[in-house]
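> Provided below for reference: sequence and predicted model.
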Amino acid sequence: DRGSVQNSPKSYDVEYLMPVSLGTPAQQLNLDLDTGSSDFWVFSTLLKESMINGQTLYDPNASTTADKMEGYSWKITYGDQSYSSGDVYVDTVTIGDLTVSTQAVEAAREVSEEFTADSDNDGLVGLGFGIINTVMPYKQKTFFEKAMPGLDSPVFTADLKSGAPGRYNFGYIDNGAYTGNITYVPVNSSDGFWSWVSPGFQVGTTGSFNSTRIHGIADTGTTLLLLPEGVCEAFYGRIASAKYDASQGGYTFECNDSTTPDFYFGTGNGQMIRIPGSYLAYSKIDTSSLRCFGGMQSDSGVGFTIWGDIALKAAFIVFDQGSERLGWAEK
Ligand SMILES: CN(C)c1ccc(C(=O)NN)cc1
């Protein structure tokens, strides 16, 4: 079996959403595929009105295939301190023509203001490893883990684009979606993340390659690229107008600064992925400003590097759960 679904970026590529069908008759929600977490949760009719702001709600009572998991609950907190919690139902879920008939659907009773404010986002499909699923008393499998046994190949791929729709595929690799070769790197899933080690980086086409092992996770659910402080300094040191602006909480530079270099990161076997300098001028810090907030920021608050959408949209990525490895290709 296999599946394929289009993803659509919200403004500034802050997140990428995909249509998902839940229950019988189908209820379609727009969900955020998140390889940095492992809960499948949705806005639901269990929520208080004050926590809803335009989102589409999953109504388990309107689904003839929904069964409540009595005595089960969940609560998750993300890196940005946003959170959600609620009850658990088993129901049928279809993503891109791929159906899991007994998915644990975590129906929100409570969401933090960040989720309430994000009116386009109806919930998250966590495609990290199930070991960090938050459902109690017994953790639940991710959508991919439930689907995997029936798939042609135990992989899913992410093709995120800058300011345009892309695609998530399940169970196969579309060889027309990338150029050159796919370089595979081992993944350590013991923390539940797609954790891997990059051999280093290069700033600009003329810069030398800096051999330094960068431990990090591939996270479709994080917008920016969070790298070690030293890497940020090497990159922003090459941009004439760049500075660390504590009032903005990060590095900023003039959006049109022509000295902005591309950024390359190593994936192994000598392969590098090129992030165009334009991707790194993330967004204007306010409508009247000529300065942009950087797409690359320090990972100092996190403890490991997060290869978020700024990096992922420069590549075609294979999340190979069958072999616990990540495949990287240019496109
Ligand atoms: C508030 N929202 C929409 C979030 C979405 C995703 C995440 C996250 O850390 N994913 N790995 C946090 C917050």
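The structure has been received and is ready for your questions.

> what number of residues lie near whichever residue of the stretch 101-250 of the chain sits closest to the ligand?
Residue of the stretch 101-250 of the chain nearest the ligand, by CB to the nearest ligand atom: Gly221 (2.8 Å). For every residue, glycine as well, the C-beta is placed using N, CA and C. Neighbourhood size, Gly221 [other CB atoms under 10 Å]: 22.

> begin at 127 from here
With the count now opening at 127, the last piece we talked about shows up as Gly347.

> tell me the residues of the stretch 177-326 of the chain that contact the ligand?
Listed as neighbours of the ligand in the stretch 177-326 of the chain under the rule CB under 6 Å from any ligand atom: 204-206, 208, 240-241, 244, 247.

> nearest residue to the residue of the stretch 227-376 of the chain closest to the ligand other than its sequence neighbours?
Leaving out its chain neighbours, the residue that sits closest to Gly347 by CB to CB, 6 or more residues apart in numbering is Asp160, at 3.1 Å.

> wait, the one you found touches Asp345, no?
Yes - if you go by CB atoms under 8 Å, Asp160 and Asp345 touch, sitting 7.4 Å apart.

> restricted to buried residues, select the residues of the stretch 177-326 of the chain next to the ligand in ChimeraX.
The following ChimeraX line selects those of those that are buried, judged by 16 or more other CB atoms under 10 Å:
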select :204,208,241,244,247
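
> tabulate the residues of the stretch 177-326 of the chain next to the ligand (TSV), appending pLDDT and secondary structure.
Below are those laid out as TSV (pLDDT from 0 to 100; DSSP: H, G, I helix; E, B strand; the rest coil):
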residue	pLDDT	secondary structure
Tyr204	98	coil
Gly205	95	coil
Asp206	94	coil
Ser208	98	coil
Glu240	98	helix
Phe241	98	helix
Asp244	98	coil
Asn247	98	coil
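
> so between Asp160 and Asp345, which is more surrounded?
Taking other CB under 10 Å, Asp160 and Asp345 do not tie; Asp345 has more neighbours (25 against 22).

> wait, the more buried one sits on Leu159?
No - the criterion here is CB under 8 Å, and Asp345 misses it with Leu159 at 10.8 Å.

> quick one, strands of the stretch 277-426 of the chain?
Listed in chain order, the strands of the stretch 277-426 of the chain (DSSP state E, counting those that start in this stretch) span 281-287, 290-296, 305-312, 321-329, 335-344, 351-353, 369-371, 376-380, 389-394, 397-401, 407-410, 417-420, 422-424.

> and Thr220, which of those strands is closest to it?
For Thr220, the closest of those is strand 290-296, at 11.1 Å, according to CB to CB.

> could you give the angle of the closest one to strand 281-287?
With axes from the mean of the first three to the mean of the last three CA atoms, to 10 degrees as the basis, strand 290-296 and strand 281-287 are set at 180 degrees to each other.

> strand 290-296: which residues count as buried?
For strand 290-296, a neighbour-count test (16+ other CB under 10 Å) marks 292-296 as buried.

> what's that strand packed up against?
Contact analysis of strand 290-296 by 3 or more CB pairs under 8 Å, 6 or more residues apart in numbering; DSSP states H and E lists strand 129-135, strand 281-287 as its packing neighbours.

> alpha carbons of it, in CSV - could you do that?
Output in CSV follows, covering the C-alpha atoms of strand 290-296 (Å, rounded to 0.1, in the frame of the first residue of the first chain):
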residue,chain,number,x,y,z
ALA,A,290,4.5,26.7,-2.9
PRO,A,291,2.7,23.4,-2.2
GLY,A,292,4.8,20.3,-1.8
ARG,A,293,4.1,16.6,-1.0
TYR,A,294,4.3,14.0,1.7
ASN,A,295,4.5,10.4,0.3
PHE,A,296,4.0,7.2,2.3
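
> who does it pair up with?
Strand 290-296 pairs in its sheet with strand 129-135 (antiparallel), strand 281-287 (antiparallel), by DSSP bridges.

> re earlier: can I get the strands of the stretch 277-426 of the chain in a markdown table including mean pLDDT?
Formatted as a markdown table, the strands of the stretch 277-426 of the chain follow (pLDDT from 0 to 100):
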| stretch | mean pLDDT |
| --- | --- |
| strand 281-287 | 99 |
| strand 290-296 | 98 |
| strand 305-312 | 98 |
| strand 321-329 | 98 |
| strand 335-344 | 98 |
| strand 351-353 | 98 |
| strand 369-371 | 98 |
| strand 376-380 | 98 |
| strand 389-394 | 97 |
| strand 397-401 | 98 |
| strand 407-410 | 95 |
| strand 417-420 | 98 |
| strand 422-424 | 98 |
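
> dump the ones you listed to JSON lines, plus distance to Asn133.
JSON lines is the format used below for those (distance: least, CB to CB, whole Å):
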{"stretch": "strand 281-287", "distance to Asn133": "7"}
{"stretch": "strand 290-296", "distance to Asn133": "5"}
{"stretch": "strand 305-312", "distance to Asn133": "20"}
{"stretch": "strand 321-329", "distance to Asn133": "22"}
{"stretch": "strand 335-344", "distance to Asn133": "15"}
{"stretch": "strand 351-353", "distance to Asn133": "18"}
{"stretch": "strand 369-371", "distance to Asn133": "31"}
{"stretch": "strand 376-380", "distance to Asn133": "26"}
{"stretch": "strand 389-394", "distance to Asn133": "22"}
{"stretch": "strand 397-401", "distance to Asn133": "19"}
{"stretch": "strand 407-410", "distance to Asn133": "19"}
{"stretch": "strand 417-420", "distance to Asn133": "23"}
{"stretch": "strand 422-424", "distance to Asn133": "22"}
